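In: the sequence isn't on hand, but the structure is:
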């Protein structure tokens, strides 16, 4: 998936909202290896080679920024350099790495309440999607059986997969908060192609 | 009186406390909080933005322009009367808790 040039690298890795900590860990590792994030994106991130610097990264999810100027000021005064934002509301920040940084200086959320407040912005959407899938899956299955229509049954299956995919994400957010080990989720690389494939099949046979 | 009856989080409490003596910018609040708490409470940027945003909305604090043009930090935060009431009722609540604890474990406090 990676297009390589001499000093520029593009990554098309996708992270689900509930995997943002893994994305941060990956960015930190990339920086350690000399690849510095130039632009973060949902499925298009750009890195540039520079072995002279090393950064640590933080991601913040705030889709509705009331006052971006005020927001950036509070980050820059604590040494967080703003990189960019994605269209759906994720903001990328970096800080020069140093061994002297305390644990609190490496993160932007320093208490549970504010961290959960940030996470809840996507947790609310996840819950809505899971609830929708829970309603639609049996409804479509019922309609599919009633009308003897395989396309509608396939659509029911799509809702089941979506529900399980996002439900596992939601479950893992809750498990992490309770200090429990995360369960293996369905990777998007498996879920998305299956969903798209099923939808294409449903359209063809309809 | 205070609209919020729930206990304040440490971050909220320290932000209000730091502003008691007068307006400060975000970094000043963060530093003074670290000093006052003996390094146990550090308020990161995300936490600071969320907390100050909520308190601005509730009217506990207001944002003012930094009168010093040489300072790059444009914003100062200052306590409103409502914010002062919230802080004082929290101090009162903590005083009661401490008083209760002192009656039981006076030798340790």
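Out: It's in. None of these values were measured; they are calculated from a predicted model.
In: quick check: residue A:30 vs residue A:57, distance?
Out: Applying C-beta to C-beta, to the nearest Å, the value for residue A:30 to residue A:57 is 9 Å. No exception for glycine: its C-beta is placed from N, CA and C like everyone else's.
In: list residues touching both of these two?
Out: Shared contacts of residue A:30 and residue A:57, defined by C-beta atoms under 8 Å, 6 or more residues apart in numbering or on different chains, comprise residue A:37.
In: higher neighbour count, the two?
Out: With other C-beta atoms under 10 Å in any protein chain shown as the criterion, residue A:30 and residue A:57 differ in neighbour count, and residue A:57 comes out ahead with 23 against 18.
In: so the more buried one sits in a strand?
Out: Yes - secondary structure of residue A:57, determined by DSSP: H, G, I helix; E, B strand; the rest coil: located in a strand.
In: what's the burial count for the residue nearest to it when sequence neighbours are not counted?
Out: Of all residues not flanking residue A:57 in the chain, residue A:27 sits nearest, at 4.1 Å (C-beta to C-beta, 6 or more residues apart in numbering or on different chains). The local packing of residue A:27 (other C-beta under 10 Å) involves 25 other residues.
In: same thing with residue A:188?
Out: Taking other C-beta under 10 Å as the criterion, the count of residues near residue A:188 is 17.
In: that one reaches residue A:14, doesn't it?
Out: Yes - contact criterion C-beta atoms under 8 Å: residue A:188 and residue A:14 qualify, at 5.4 Å.
In: that older thread, which SSE is the residue nearest to residue A:57 in?
Out: Secondary-structure assignment from DSSP states H and E places residue A:27 in helix A:20-32.
In: packing partners for that helix?
Out: strand A:35-39, strand A:55-61 (3 or more C-beta pairs under 8 Å, 6 or more residues apart in numbering or on different chains; DSSP states H and E).
In: would you mind giving the ones you listed as TSV with distance to residue A:184 and mean pLDDT added?
Out: Supplementary listing: the helices and strands packed on helix A:20-32 in TSV, determined by distance: least, C-beta to C-beta, whole Å; pLDDT from 0 to 100:
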stretch	distance to residue A:184	mean pLDDT
strand A:35-39	27	95
strand A:55-61	22	97
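In: could you pull out the helices for chain A?
Out: With DSSP state H applied, chain A shows helices at A:20-32, A:68-76, A:112-146, A:150-177, A:188-205, listed in chain order.
In: least reliable of the ones you listed going by mean pLDDT?
Out: Note on these: helix A:188-205 shows the lowest mean pLDDT, a mean of 89.
In: okay, now residue A:146: neighbour count?
Out: Here the neighbour count serves as a burial measure; for residue A:146 (other C-beta under 10 Å) it reads 9.
In: and it, how far is that from residue A:153?
Out: Going from residue A:146 to residue A:153 by C-beta to C-beta gives 11 Å.
In: what does residue A:58 give?
Out: The span separating residue A:58 from residue A:153 equals 44 Å under the rule C-beta to C-beta.
In: of the two, which one has the most company?
Out: Here residue A:58 and residue A:153 are set side by side on neighbour count (other C-beta under 10 Å), and the busier one is residue A:58, at 22 against 17.
In: for the more buried one, which residues are in contact?
Out: The neighbourhood of residue A:58, defined by C-beta under 8 Å, 6+ apart, consists of A:24, A:80, A:92, A:93, A:94, A:95, A:106, A:107, A:108, B:46.
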